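Q: Sequence and predicted structure are below.
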Amino acid sequence: MRFIGSKKNIVDRIDAILSDKINWEEKNFVFADLFAGTGAVANHFKDRCSIVANDLLYSSYVFLRGQVAMNEHPSFDKLREIGITDPIDYLNSMTPTVSGFVTNNYSPDANGNGRKFFSRENATRIDSIRTKLDEWKAAELISSEEFFYLLNILLQAVPFVSNITGTYGAYLKHWDKRSQNTLKLSAPILTNNNRNNVVYNQNANQLAKTLNCDIVYIDTPYNGRQYTSNYHILDTIALYDNPEIKGVSGIRLYSPGEKSLYCSKRAVREQFVDLFKNLSAEHIVLSYSSDGLITKDEMLQLLKQHFISSSVECVEFDYRRYKSKIVKHSGVIEYLFYARSKQSEYKKLSRVKSAHSKRRAEILTSSSERFVSSPLNYIGGKFKLLPQISQLFPDQINTFVDLFCGGLNVGCNIKANKVIANDYNYRVIEVLQMIHDIKIEDLLHDIYSVIQKYSLSPTNKEGFLELRKDYNRSNNPLMLYVLVCYSFNYQFRFNNSGMFNNPFGKERSQFSERLRDKLILFNERIRKIDIDFFSLSFDQMLANIQLGEFDFVYCDPPYLITTGSYNDGNRGFKDWKVDDELLLYSELEKLNERGVRFALSNVIEHKGLVNEHLAEWSTRFNIHEIAHSYTNSSYNTRRELSREVLITNY
């Protein structure tokens, strides 16, 4: 079906924008296509949504009624009773005998005079089929649903035998090759979504006032060219009402209410304002063009005024909207705008607590006594090594000191009467303390509030940068956690002025369901633990606590001979040098002298380098070889070249 403005060729772009914002498995979404045309976009989303489709053109309404609204091909039981088992085949093989309105007004007479929209044979065939549909309907041989199904098939076939460049505003002087083909009806491809799909033939602005949906797609006319004059013949075939026509092209007379005010330069802005203020959908996608009556900047301003300002995005690309035989100009830019409504923000947040309370119960039921992973992707985290190193820890621990706790992967999984979590990076400690202190329902509510406020997504860099700027002014740990979730490799990274400077994790990082589930388990685990958080240097920490023979100190310091991002001296926190390494050895020796048990994770060899200090010092204690396996450690790019160990004094 040839149709000006059809979005058949860009539905994948529309899909990509929405799929970035939506988990399609979350619920049965209602997708509304307010200016649906032939229904290309509505049909694309029909496999995952309930559809509401609308268009002011009656012929478009027929397209929608006969395809988008239908899940199955009609049975035509009453036609079968009179021997017509396949009505499409019957109509195709029927001898055309009716010279009706189409034949008399849109095809030449026997002398070659008259409008040349159709060959006389095809015009007669159109009239004959259209008349037959009315006869069947009047005789109640077909239902209303079956009537629109067949009428849609007829309208879909007509453009393929039309002598036009693409619209019915004019016909070609000479016969186009396709116009000499014989009109042939074909059954449409239907998508059965097992849902109720509704179509309308209304003014979209009026429909928006009563419409209840989750997603709305808007594809208004862009300029002053009315679709009525472009598709008047299809409307006439659909209505078959013998209208009064005028002009060289025989355009039917339309009432003012049948014409779109989006084609009026004086009225278009007011129309968009009226439409936007009445939309209740959470997600809004709008198509527009550089040859439209409103500029890109004006549209962005309107969207930001009526929807969440930080959520507004615009994707632009070269797009030839219609491949007609005559191309008069090029260089048109197509815009796809996205916005999220303000009303939906409050509706969604009101559902967060109950929804995630249910998810929390499901996760905790299945988690049992397994190891819990930190929701912080901290460089050098030991979660994957826990099955190995935990077996080497003492069976009974009174106070467990996680001296370089990082994301707390070890500290939250060790059975001890008390846990002390310490890290020199006080920003990480602030986030851990926050996760510990807040109930998970409230914490998730707050996280999603931040995500919605800044319209965060794997593609919205502007929202990320705005959040990063606000965090660096406030140093709010909740904002930091959300910021890290959308940062490159989920890393904590600060410059020497203490400003968070990790770049945007484009198309990779987000607060996903998997990360949410990690957070739920982690929050539940650490809230059950008797745990205190500190941010001191390791020697200060050891100097400020009293430890005895039943206590245990675990050390996972930066590795001297690796290049982890915590160890390059350019992340706003103290880098790890030989003096620090030797001081740690000295502190561990003091613990050993006092009978306090300790374990030290480290690497002796890495990519041709050897930590000679560690190699010599470790010989005084027990050395356990560790089979390392990391996915988030930048220093283990070639695992076979590293020798990781756990050194214990027991």
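A: Right, received. Where do you want to start? Numbering: from 1, shown residues only.
Q: for this structure, which spans come out with low pLDDT?
A: Scanning the chain for pLDDT under 70 picks out the ranges 1-6, 319-330, 343-369, 379-380, 563-574, 628-641.
Q: Show me it divided up by domain.
A: 8-12+19-255, 343-368+427-527, 371-425+535-650 (automatic domain parsing).
Q: would TSV of those with distance to residue 276 be doable?
A: For every residue, glycine as well, the C-beta is placed using N, CA and C. Formatted as TSV, the domains of the chain follow (distance: least, Cβ to Cβ, whole Å):
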stretch	distance to residue 276
domain 8-12+19-255	9
domain 343-368+427-527	12
domain 371-425+535-650	37
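Q: Just put these in JSON lines and tack on mean neighbour count and distance to residue 290.
A: Shown next, in JSON lines, are those (neighbours: other Cβ atoms under 10 Å; distance: least, Cβ to Cβ, whole Å):
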{"stretch": "domain 8-12+19-255", "mean neighbour count": "18", "distance to residue 290": "9"}
{"stretch": "domain 343-368+427-527", "mean neighbour count": "18", "distance to residue 290": "21"}
{"stretch": "domain 371-425+535-650", "mean neighbour count": "18", "distance to residue 290": "41"}
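Q: and of those, who's closest to residue 316?
A: With Cβ to Cβ as the measure, domain 8-12+19-255 is the member of the domains of the chain nearest residue 316 (11.6 Å).
Q: how far does the closest one stretch from start to finish?
A: One end of domain 8-12+19-255 sits 30 Å from the other (Cα to Cα, to the nearest Å).
Q: same question, stretch 150-164
A: With Cα to Cα, one end of stretch 150-164 sits 24 Å from the other.
Q: what does stretch 99-118 give?
A: End-to-end span of stretch 99-118 (Cα to Cα): 13 Å.
Q: got it, and stretch 531-551?
A: One end of stretch 531-551 sits 14 Å from the other (Cα to Cα).
Q: what about that stretch, distance to the chain center?
A: 46 Å (Cα atoms, centre = their mean, to the nearest Å).
Q: end to end, how far does stretch 104-111 reach?
A: Stretch 104-111 has an end-to-end distance of 13 Å (criterion: Cα to Cα).
Q: Over to stretch 546-556?
A: Stretch 546-556 has an end-to-end distance of 20 Å (Cα to Cα).
Q: got the contact list for the closest residue to residue 396 other than its chain neighbours?
A: Excluding the flanking residues, the one nearest residue 396 by Cβ to Cβ, 6 or more residues apart in numbering is residue 550, at 6.5 Å. Residue 550 makes contacts with 396, 397, 398, 399, as judged by Cβ atoms under 8 Å, 6 or more residues apart in numbering.
Q: picking that back up, quick one: which of the domains of the chain is nearest residue 267?
A: Taking Cβ to Cβ, domain 8-12+19-255 is the member of the domains of the chain nearest to residue 267, at 11.0 Å.
Q: In three-state terms, label the residue nearest to residue 396 for me.
A: In three-state terms, and counting by DSSP: H, G, I helix; E, B strand; the rest coil, residue 550 is coil.
Q: since we're on residue 273, how many residues are nearby?
A: Per other Cβ atoms under 10 Å, the neighbour tally for residue 273 reads 14.
Q: In contact with it, which residues?
A: Contacts of residue 273 by Cβ under 8 Å, 6+ apart are 302, 306.
Q: Kindly recompute the last result at 10 Å.
A: Contacts for residue 273 (Cβ atoms under 10 Å, 6 or more residues apart in numbering) come out as 205, 302, 305, 306.
Q: Touching, the second one and residue 294? I think so.
A: Yes. A contact is recorded between residue 302 and residue 294 when judged using Cβ atoms under 10 Å, the distance being 7.6 Å.
Q: where do the contact lists of the two overlap?
A: Listed contacts common to residue 302 and residue 294 are 269, 272; contacts here mean Cβ under 10 Å, 6+ apart.
Q: got the residue ranges for the helices in the stretch 351-500 of the chain?
A: Secondary structure of the stretch 351-500 of the chain (DSSP state H, counting those that start in this stretch): helices at 386-389, 426-437, 440-453, 461-474, 477-485.
Q: Next, format the ones you listed as CSV and append distance to residue 9.
A: Formatted as CSV, these follow (distance: least, Cβ to Cβ, whole Å):
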stretch, distance to residue 9
helix 386-389, 51
helix 426-437, 45
helix 440-453, 32
helix 461-474, 26
helix 477-485, 35
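Q: Please identify which of those is closest to residue 230.
A: For the helices of the stretch 351-500 of the chain, the distance to residue 230 is smallest for helix 461-474, at 37.3 Å, taking Cβ to Cβ.
Q: Could you spell out the sheet neighbours of the top strand by length along the chain, each with its direction?
A: Counting residues, the longest strand found in the chain (DSSP state E) is strand 597-606. Strand pairing for strand 597-606, using DSSP bridges, gives strand 552-555 (parallel), strand 609-610 (antiparallel), strand 642-648 (antiparallel).
Q: What's the end-to-end length of stretch 390-400?
A: Stretch 390-400 end-to-end distance (Cα to Cα) = 12 Å.
Q: And that stretch, how far out from the chain middle?
A: How far stretch 390-400 lies from its chain's middle: 45 Å, per Cα atoms, centre = their mean.
Q: With stretch 392-406 instead?
A: 42 Å.
Q: what do you get for stretch 213-233?
A: The answer for stretch 213-233 is 25 Å, by Cα atoms, centre = their mean.
Q: ok so, going back, just the CA trace of the longest strand of the chain, in PDB.
A: Extracted in PDB, the C-alpha atoms of strand 597-606 (Å, rounded to 0.1, in the frame of the first residue of the first chain):
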ATOM      1  CA  ARG A 597      44.100 -14.400  62.600                       C
ATOM      2  CA  PHE A 598      44.400 -12.700  59.200                       C
ATOM      3  CA  ALA A 599      44.100 -13.500  55.500                       C
ATOM      4  CA  LEU A 600      45.500 -11.400  52.600                       C
ATOM      5  CA  SER A 601      44.400 -11.600  49.000                       C
ATOM      6  CA  ASN A 602      46.900 -10.600  46.400                       C
ATOM      7  CA  VAL A 603      48.800 -11.500  43.300                       C
ATOM      8  CA  ILE A 604      52.500 -12.400  43.300                       C
ATOM      9  CA  GLU A 605      52.900 -12.500  39.500                       C
ATOM     10  CA  HIS A 606      51.000 -10.700  36.800                       C
END
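Q: Between which two of the contacts of residue 550 is the distance greatest?
A: 396 and 399 (11.5 Å).
Q: ok, now which ones touch the closest residue to residue 536 other than its chain neighbours?
A: Excluding its sequence neighbours, the residue lying closest to residue 536 (Cβ to Cβ, 6+ apart) is residue 422, at 6.0 Å. With contact taken as Cβ under 10 Å, 6+ apart, residue 422 is in contact with 401-405, 411, 429, 532-538, 540-542, 544-545.
Q: Look up how far residue 411 lies from residue 422.
A: Distance of residue 422 to residue 411, given as Cβ to Cβ, to the nearest Å: 9 Å.
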